[in-house]
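Chemist: requesting a structural model of the entry that follows:
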Amino acid sequence: MRIARILPFPLGLALAASVSGCAASLPTSSMKMTVGYTAIGAAYSDLYVCQDQGVFRKNGLDVKLTLLNSSSQLVAALVSNSVQIGAGATTSTAAGAMNLKHVDLRYIALPISRYYLEMWGKPSIGSPDAVKGHKIGLSSPGSLGDAALDAMIKAKGWSPKDVTKVFLKSSPAEVAALKNGAVDAIVTQPPTGTQTRSQGFRKVMDFTGYPAAANAYTVKTDYVKKNEPAVQAFVKSEAQCLAILHTDKAAAIASIEKHSGNSNKALATYSYDFFDPLWAKTPSVSPALVDQAFTVTADQGLGRKPADTAKFVDNSFVDRLSASGFIASLYR
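Modeler: Presented below is the predicted three-dimensional model:
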């Protein structure tokens, strides 16, 4: 596996890999694409497994995985064609869809329909209610963690002023801030925050009780029109890799160890057990959850909500796989 250099965005702060056998073994007709994701962690195990198990290559794709600095950069990466398919907080891409009138986005697959995050904090924070009045570390405004924290605040009937958000640009920076006392708690996906338990920090809560179109795969409509076979191949790969996650725990844990920023097997296993109930089998995009993302984003004053948010959902690729019996066949 060849690993790309890490470069500053927009050249692509990247963790890129080809499957074993390298480019020379790719089909001559392979379709190249760059897939951007927005945080280090096990939530993107579908992508990791697709690379490690050669699924993209088998479906005629030459895929480069690119780690972006934050969710806020995802739309910019799509607009600049630095990435062709992106996965990140739908609240962030909704803001781009509302404000960039010349950009037409579509959500084509949704592997997880919950906020897949945890809050880890100081030992003195013994419950979610004890978070009130404390500093919470997050990656960036509009990130998945930001939206999840807002969902918690709303559910508890708190004022936004009841917690202080501290934006730190990246998940590793959140961990560092928690360790040095700059914040009292952080919101991250496993195993990033989970690793702090070895330093005496404790899990305050997880956010899986809150539904969300957390990391929907997003494309520009004009890219879909010009590259429909590539998009269909990607969605097919996604369905196959979700099946691997559900049926081959050892392979999933190996990929989590390799790519999620922490090579500790116990943490990788913890992460797998956390995500296994959350990963979809049929990754259809929920129009209701997309509408919710637009509502939340508009309520923050980040744009005017469109009258019809369902137009941003394109389940046609998943629907073809379901109707043909392909997805069902993966679990026989």
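
Chemist: pLDDT on the helix or strand in which R57 is found, on average?
Modeler: Element membership for R57, per DSSP states H and E: helix 55-58. Helix 55-58 shows a mean pLDDT of 98.

Chemist: could you identify the helix or strand that succeeds that helix?
Modeler: Counting by DSSP H and E, what follows helix 55-58 is strand 61-67.

Chemist: quick one: the helices in the protein?
Modeler: 45-52, 55-58, 74-79, 90-99, 144-156, 171-180, 221-226, 228-247, 249-259, 265-275, 287-299, 316-323, 326-329 (DSSP state H).

Chemist: so what's P191 up against?
Modeler: Each residue near P191 by C-beta atoms under 8 Å, 6 or more residues apart in numbering is listed here: 41-42, 256, 260-262, 264, 267-268, 270-271. Where you see a C-beta, it was placed from the backbone N, CA and C, and this is true even at glycine.

Chemist: which among the residues you listed end up buried?
Modeler: By neighbour count, with 16 or more other C-beta atoms under 10 Å, those hold 41-42, 256, 260-262, 267-268, 270-271 as buried.

Chemist: pick out the most distant pair among those residues.
Modeler: Across the buried ones among the contacts of P191, no pair lies farther apart than G261 and Y270, at 13.6 Å, counting by C-beta to C-beta.

Chemist: per-residue confidence for V35?
Modeler: 97.

Chemist: which strand residues bridge it?
Modeler: L65, I85 (DSSP bridges).

Chemist: surely S255 touches D46?
Modeler: No: S255 lies out of contact with D46 (C-beta atoms under 8 Å); the separation is 9.3 Å.

Chemist: between these two, which has more neighbouring residues?
Modeler: D46 (30 against 27; other C-beta atoms under 10 Å).

Chemist: now do the contacts for the more buried one.
Modeler: Residues counted as contacts of D46 (C-beta under 8 Å, 6+ apart) are 111, 238, 241-242, 245, 279.

Chemist: now with 7 Å, please.
Modeler: D46 makes contact with 111, 238, 241-242, 245, according to C-beta atoms under 7 Å, 6 or more residues apart in numbering.

Chemist: what's the most distant pair in those residues?
Modeler: Farthest pair in the contacts of D46, by C-beta to C-beta: E238 and L245, 10.6 Å.

Chemist: compare neighbour counts for those two and give me the winner.
Modeler: Taking neighbours as other C-beta under 10 Å, E238 and L245 compare with E238 leading, 28 against 24.

Chemist: just name the shakiest helix or strand of this protein by mean pLDDT.
Modeler: Every helix and strand in the chain was compared by mean pLDDT, DSSP states H and E; the lowest is helix 90-99, with a mean of 86.

Chemist: other SSEs contacting that one?
Modeler: helix 74-79, strand 105-109, helix 287-299 (3 or more C-beta pairs under 7 Å, 6 or more residues apart in numbering; DSSP states H and E).

Chemist: and those as a markdown table, adding mean neighbour count and distance to A97?
Modeler: Formatted as a markdown table, the helices and strands packed on helix 90-99 follow (neighbours: other C-beta atoms under 10 Å; distance: least, C-beta to C-beta, whole Å):
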| stretch | mean neighbour count | distance to A97 |
| --- | --- | --- |
| helix 74-79 | 21 | 8 |
| strand 105-109 | 24 | 5 |
| helix 287-299 | 19 | 8 |
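
Chemist: and stretch 203-214, how far apart are its ends?
Modeler: One end of stretch 203-214 to the other measures 21 Å (C-alpha to C-alpha, to the nearest Å).

Chemist: tell me the mean pLDDT for it?
Modeler: Averaged over stretch 203-214, pLDDT sits at 95.

Chemist: stretch 228-240 now?
Modeler: Here the average pLDDT along stretch 228-240 is 98.

Chemist: just stretch 247-256 next, same as before
Modeler: Average pLDDT, stretch 247-256: 97.

Chemist: now do it: everything it contacts.
Modeler: With C-beta under 7 Å, 6+ apart as the criterion, stretch 247-256 contacts 42, 45, 48-49, 52-53, 244-245, 268-269, 271-272.

Chemist: stretch 74-86 now?
Modeler: Under C-beta under 7 Å, 6+ apart, the answer for stretch 74-86 is 10, 12, 33-36, 38, 66, 68, 88, 92-93, 96, 100, 103, 217-220, 223, 234.

Chemist: kindly recompute the last result at 8 Å.
Modeler: For stretch 74-86, contacts defined as C-beta under 8 Å, 6+ apart pick out 9-12, 33-38, 66, 68, 87-89, 92-93, 95-97, 100, 103, 105, 108, 217-220, 223, 227, 230-231, 234.

Chemist: same question for stretch 215-223.
Modeler: 37-38, 43-44, 74, 78-79, 84-90, 93, 103-112, 116, 144, 231, 234-235, 238, 285, 290.
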